[in-house]
Structures are given as structure tokens and as C-alpha cells.
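Dropping the sequence and predicted coords here.
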Amino acid sequence: MGSTLAGIANAFGASAEAKDKFALLANPKAATDEQISSFVDAVFNNLFDRTADAEGQAHWAGQIKQMIDGGQALGSVVTNIAGGAQGQDILALINKVAVNIEYVYQQQVFGVEWSAEAHGEAAAALIDAVNASAASVLTGIEQADALILDAAS
């Protein structure tokens with residue numbers, strides 16, 4: 001799988017954490033339309049802070065079904081959706097990346113060893129709050145700094 005973005009996405013898609021969270025990933029061949037729709041909306045929410053519109057939902061559900069039929073790993077659908085971002089979706093995605101970069105940078109500056117158990121919930125909440133607005137980035141950066149300062153003390 002390697003360390004490419006697609007490889008990382010596929011590794012996450014195959015992880016126990018992802019399979020626990022998404023029934024689609026746990027058993028793709030038995031996935032219902034509702035499970036596929038739920039997965040697409042979750043990806044859109046995580047990346048763009050919104051659910052998929054009807055056209056996007058239909059497109060990505062069809063792509064997922066083709067991947068399942070072809071025996072392909074589903075993790076890469078996340079990178080495919082991100083790669084198709086336009087307009088406000090690009091801003092939301094870039095803003096989330098900017099806050100993530102600040103969060104990781106501050107971890108390095110203060111020597112904070114990150115773990116999902118200790119920091120995962122706060123990190124997820126930090127990024128979930130970021131959207132296409134400039135204000136959400138500024139707030140996110142302030143909160144990232146505060147989280148790391150708290151963890152370092």
C-alpha cells in the first residue's frame with residue numbers, strides 16, 4: 001500500500017477503526033444502499049462540512065458499487081472525492097489541512113507525542129469545527145495551539 005495518499009487512505013479503510021465506524025467497510029459485498037449513502041455523507045462531512053447533494057450522492061454511490069464489484073479497496077474513494085472538490089468545498093478542505101498542519105507543527109515544536117487514545121477525540125473535534133470560513137481557520141489555529149500547550153504542560 002505504501003505511503004502514497006491513496007495507500008494511506010486504503011490502509012485506513014482496511015483498519016479495525018474504520019470498519020467499526022462504517023458497516024460498508026466491514027463487509028462491502030453485503031453493503032446496503034443506506035450504508036453506502038451514509039459513508040458518502042460521512043466523507044463529505046469530514047472533508048467539506050456538508051452532506052453530498054443528490055447528484056454527488058448518486059455519483060459516488062455508483063463509484064463505490066463499481067469498486068465493490070471490481071474487488072477494489074474502498075479507502076481510496078476518500079481521496080477521489082477530495083480530488084473532485086470545487087468552490088467552497090476546496091476552501092473547506094484547504095482550511096482543514098491548514099489547521100492540521102498547525103496542530104502537527106506545534107506537536108513537533110513542543111515535543112508532544114501524539115496518540116489516538118490521549119488526543120484523538122480533541123483532534124477530531126478541532127478539525128470538525130473547521131469549514132470554508134476564514135474565521136474557522138483562525139479559531140482552529142488558536143485551538144490547536146491551546147491543545148498542544150495543554151498537552152505539553
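Sure thing, it's come through.

make it CA atoms for all contacts and neighbour counts henceforth
OK.

and the residue most central in space within the chain, what helix or strand is that in?
Most central in the chain under CA atoms, centre = their mean is residue 46, positioned 4.7 Å from the mean C-alpha point. According to DSSP states H and E, residue 46 maps onto helix 33-48.

Now do that helix: which elements does it pack against?
Helix 33-48 sits against helix 23-26, helix 54-69, helix 76-83, helix 88-110, with contacts defined as 3 or more CA pairs under 8 Å, 6 or more residues apart in numbering; DSSP states H and E.

Return the most buried member of these.
helix 23-26 (a mean of 21; mean count of other CA atoms under 10 Å).

Now do it: everything it contacts.
13, 14, 18, 19, 20, 30, 31, 32, 35, 36, 39, 74 (CA atoms under 8 Å, 6 or more residues apart in numbering).

Let me have these in a markdown table, adding pLDDT, distance to residue 56 and neighbour count as columns.
Listed next are these as a markdown table, based on pLDDT from 0 to 100; distance: CA to CA, whole Å; neighbours: other CA atoms under 10 Å:
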| residue | pLDDT | distance to residue 56 | neighbour count |
| --- | --- | --- | --- |
| 13 | 87 | 21 | 22 |
| 14 | 87 | 24 | 16 |
| 18 | 89 | 22 | 16 |
| 19 | 92 | 23 | 16 |
| 20 | 92 | 25 | 11 |
| 30 | 95 | 22 | 12 |
| 31 | 95 | 19 | 16 |
| 32 | 96 | 18 | 13 |
| 35 | 97 | 16 | 17 |
| 36 | 97 | 13 | 22 |
| 39 | 96 | 13 | 22 |
| 74 | 89 | 17 | 21 |
